[in-house]
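Asks: Sequence unavailable; structure follows:
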């Protein structure tokens, strides 16, 4: 066969970058749940509360008035002003609502925009692990190289500043952290955050700080990274309404940063999503104005459930440190001799309790499972009883 007659190789229909992405380790278990009855799910990271009535009412009223148009690409100025006030009142960080705040379609979009705005192909982004499932893919999709930093239960899953520093190279562009942490519930100490801020300054890095769980802290105090000395201009602060206000389906988040970074993020945002849903933005305005008491009530209830599930997990033989924030427990299942995926699959099939294998959050999560306690106390009690039966069989053959 001549060169001219040779059969052309078939081109892939898909991007190589996307083809190499692994599917979410969480999604697999959600798909299994939909085909089963009587499942207690500790897998979904979503409040079991409904959005406070005043917030829903504001959105309903806006619909009745026919407010169904686009907003500015940056988001409603009234919402950006509320976010600016909140950041100043709560953390003493001042952001100009006209230049330094972008309303996004949840924190997830904010993270994607941040990566695409600052990362060039080959840039390295340091990520503490276990890590939320979208962090590594978002870096990869932006052309960056994720560099993970393992944490462990012995240190309550807090990343050590010295471990971050040892992974810095000339290619390091940014650090991406989420505290309070999903999946571990860990909260960083002020002293460690200060040391990390010094590393950011020393090596001329950007910090992308996902603080969507910042209202859900039970022990200790949340440290807003942008509030540390000289960090406001080096930080992309990501916040949102999904977790604190029970507004997951409204899909509203925000990014606060230097005007140049916000403008760059807006460039991507305007060509991909244009703006966050206007009803969600109106609801978010009302949430910031009137729902603080509802948030306090939810946090109090989460704290009660936290104590219940941690005590129960330890009682059935799964060692678990106290999560200080968010609404997740991350117990060790190493005593069972099962991998985290084996444990989760068998627990779902044999006892109809859904948890997420720790390996879904990176290699550091192996030997653990994530249990979300944003469910009723009755469901927690029943789930613990079923899990106890399973653990007894796994460990003792009972």
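Replies: Great, that's in hand. All figures in this text were calculated on a predicted structure; none of them were measured in a lab. Numbers count the residues shown, from 1 in each chain.
Asks: Can you show me the helices along the stretch 101-250 of the chain?
Replies: According to DSSP state H, counting those that start in this stretch, the stretch 101-250 of the chain carries its helices in the segments 106-118, 135-141, 161-165, 190-202.
Asks: Start and end of stretch 280-298, how far apart?
Replies: One end of stretch 280-298 to the other measures 20 Å (C-alpha to C-alpha, to the nearest Å).
Asks: buried ones in that stretch?
Replies: With burial defined by 16 or more other C-beta atoms under 10 Å, the residues of stretch 280-298 counted as buried are 280-288, 291, 294-295, 298. Where C-beta positions appear, they are placed from N, C-alpha and C, glycine not excepted.
Asks: can you redo the residues you listed as CSV with pLDDT?
Replies: Below are the buried residues of stretch 280-298 laid out as CSV (pLDDT from 0 to 100):
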residue, pLDDT
280, 98
281, 98
282, 98
283, 98
284, 98
285, 98
286, 98
287, 98
288, 98
291, 97
294, 97
295, 97
298, 97
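Asks: ok so, going back, and the helices of the stretch 101-250 of the chain: which comes nearest residue 249?
Replies: Of all the helices of the stretch 101-250 of the chain, it is helix 106-118 that lies closest to residue 249, at 9.8 Å by C-beta to C-beta.
Asks: List the contacts of the closest one.
Replies: Residues outside helix 106-118 that contact it (C-beta atoms under 8 Å, 6 or more residues apart in numbering) are 102, 104, 125, 134-135, 138-139, 141-142, 144, 173-174, 176, 206, 208, 210, 212, 236, 238-240, 242, 251-255, 261, 264-265, 267-269, 273.
Asks: Show me which of the residues you listed are buried.
Replies: 102, 104, 125, 134-135, 138-139, 141-142, 144, 173-174, 176, 206, 208, 210, 212, 236, 238-240, 242, 251-255, 261, 264-265, 268-269, 273.
Asks: Which ones among those residues lie within strands?
Replies: Among the buried ones among the contacts of helix 106-118, the ones falling in strands (DSSP state E) are 102, 104, 125, 173-174, 176, 206, 208, 210, 236, 238-240, 253-255.
Asks: Check those residues and tell me the two furthest apart.
Replies: Spanning the widest gap among these are 173 and 240, at 23.7 Å by C-beta to C-beta.
Asks: Do you know the pLDDT at the closest residue to residue 41 other than its chain neighbours?
Replies: If the residues on either side of it in the chain are set aside, residue 41 comes closest to residue 354, at 4.3 Å by C-beta to C-beta, 6 or more residues apart in numbering. We note a pLDDT of 94 for residue 354 in this prediction.
Asks: so residue 354 sits right up against residue 343, yeah?
Replies: No - counting by C-beta atoms under 8 Å, residue 343 is not a contact partner of residue 354; they are 11.8 Å apart.
Asks: Give the residue spans of the stretch 251-398 of the chain that score low on pLDDT.
Replies: Scanning the stretch 251-398 of the chain for pLDDT under 70 picks out the ranges 398.
Asks: Would you map the helices across it?
Replies: Assigned by DSSP H, counting those that start in this stretch, the stretch 251-398 of the chain shows helices spanning 259-272, 278-290, 292-315, 340-351, 377-396.
Asks: Report the angle between the fourth one and helix 377-396.
Replies: Okay, so that is helix 340-351. Orientation check (axes from the mean of the first three to the mean of the last three C-alpha atoms, to 10 degrees): helix 340-351 against helix 377-396 gives 110 degrees.
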